[in-house]
Every structure is written in structure tokens, then in C-alpha cells.
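Enquirer: Make a model of this:
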Amino acid sequence: MVQKNKGEQTRQRILKKTRELLVSQGYYATSISSIIEATGVKKGNLYYHFASKEELGLAVLDDAAREFAEFIEESLDGENPLEEILNSAESVLKILEEKNFTGGCLFGNTALEMSDSNRKFASIIREVFSTWTTAYENKIAEAKAQGLLPGSMAPPLLARTVVALLEGWIMMIRVSKSETDVEDCLLALEGLLKE
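Expert: Below you'll find the model as predicted:
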């Protein structure tokens, strides 16, 4: 029993440390030796938990996707559906601020790097964006039903636009390292939702 717990702790440490490397360096630039160095595990122990670098990368994405889905649900907080989306977007951007605007979004980064070359990675990323847009789409539909959203754009398209806007701004903020850009992103999003 203790051995299983220790093994699970090791597996989780490998996942978390590898996630940090993938965010900062990307999949291809992250070597097995850098993972071993960052995690402090021996090579045999790493391969005990993950048969290959690809298997580890996919497990990292699965783990991060699960956490992100929970995060999005929890971040949808506010007095009305539009406020919930705006608060969620602000929470997403706060993660970037807390990391001093470095690294960007694991999912956006991986989409750019891996979607054309690896269908397994692309499938997980597609599911992440689908979960994210669906959560926003439901709130947009609620806002429309309550008369809070006068625009004519259909909820699925508007939700995808909101997520695309956030991902694009995350990329720009990662380059500019500017709190002003965070504020501008939220202003743009508010304008999109309330016009």
C-alpha cells in the first residue's frame, strides 16, 4: 500500500515537472535527460511509469486538461452569465500574470507545435478547446435567454470567438509582458459581449 502511494507520488511529480518543461520549452525541445534532471528520478523509474516520451507528453496533457476543465467550471462565478464569462477570462489571464507572463498556455503552445505532426496530441487539444467553448457557450445561451446579450451572433460561434480572443491575447501578452495588455484584453472581451 505504501509502495503504491509512493509510486503515485512519483508519477505525479513526473507529470507536474514535465508540464513545466513543456510550457517553457515545448515538446520537441524537452529531452528525456532534462525531464530526469527536473524530476530527480532515475531513467528506469521514468520508463516504469511512462513507456516513451510520447506517452509521457500525452499523460501530461490529459492531466492538465482535467485540471483545466475543473478550473474553468470553478472560474465561472458572478451575478449573471456575462459576468461569469468575464470573471473566468480574468482568472485565465491571472495564471499568466502569476507566472510573470512566461510560458503562455500549454494547450495553445502544444496546438502550434504538435497538431500537424501528431494526431494523438491534436485530439487532446481539440477536446480541451471543445470543453472550454462549451462551458462559455452555455453561459452565452443563458445570457441571451435573459436578454443580456443583444448581439446576433449564435452562442457556439460567439463562444469560439471568446476562446480564440483569449488565446490570441495570451500569445501577445507573453511577448509584451504587459499588464496593460491584460487590461486591454478584458476590455476587448467586455466590448464583444456587451455590444
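Enquirer: alpha carbons only for contacts and neighbour counts from here, please
Expert: Fine.
Enquirer: max-length helix in the chain?
Expert: The helix that spans the most residues within the chain, counting by DSSP state H, is helix 119-145.
Enquirer: Show me what whichever helix or strand comes after it packs onto, helices and strands only.
Expert: Downstream of helix 119-145, the first helix or strand assigned by DSSP states H and E is helix 155-176. Contacts defined by 3 or more CA pairs under 8 Å, 6 or more residues apart in numbering; DSSP states H and E place helix 155-176 against helix 81-98, helix 119-145, helix 179-194.
Enquirer: Could I get the average pLDDT for helix 155-176?
Expert: What helix 155-176 shows for mean pLDDT is 96.
Enquirer: before we move on, what about stretch 16-29?
Expert: Mean predicted lDDT for stretch 16-29 stands at 96.
Enquirer: quick revisit: using CSV, please lay out the helices and strands packed on helix 155-176 together with mean pLDDT and mean neighbour count.
Expert: Below are these laid out as CSV (pLDDT from 0 to 100; neighbours: other CA atoms under 10 Å):
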stretch, mean pLDDT, mean neighbour count
helix 81-98, 95, 19
helix 119-145, 97, 18
helix 179-194, 93, 16
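Enquirer: Which one of these lies nearest to Thr30?
Expert: helix 119-145 (15.5 Å; CA to CA).
Enquirer: Can you check what angle separates the closest one from helix 179-194?
Expert: Between helix 119-145 and helix 179-194, the angle comes out at 60 degrees (axes from the mean of the first three to the mean of the last three CA atoms, to 10 degrees).
Enquirer: what's the angle from helix 119-145 to helix 155-176?
Expert: Using the same axes, to 10 degrees, helix 119-145 lies at 120 degrees relative to helix 155-176.
Enquirer: helix or strand for Glu54, which one?
Expert: helix 53-75.
Enquirer: again with Ala111
Expert: Assigned by DSSP H and E, Ala111 falls in helix 106-114.
Enquirer: Buried residues of that helix, list them for me.
Expert: Leu106, Phe107, Gly108, Asn109, Thr110, Ala111, Glu113, Met114 (16 or more other CA atoms under 10 Å).
Enquirer: what's the fourth one in contact with, if anything?
Expert: Right, the one you point to is Asn109. Shown in contact with Asn109 (CA atoms under 8 Å, 6 or more residues apart in numbering): Val23, Gly26.
Enquirer: hmm, back to that, now the helix holding Ala111, how far from the centre of its chain.
Expert: The chain centroid and the centroid of helix 106-114 are separated by 10 Å under CA atoms, centre = their mean, to the nearest Å.
Enquirer: Residues touching stretch 9-17, excluding its own?
Expert: Counting by CA under 8 Å, 6+ apart, Ile35, Ala38, Thr39, Leu46, His49, Leu56, Ala59, Val60, Asp63 sit against stretch 9-17.
Enquirer: right, and the fourth one touches Ala38 too?
Expert: No: taking CA atoms under 8 Å as the definition, Leu46 is not a contact partner of Ala38, at 11.6 Å.
Enquirer: which one of those two has more residues nearby?
Expert: Leu46 (21 against 15; other CA atoms under 10 Å).
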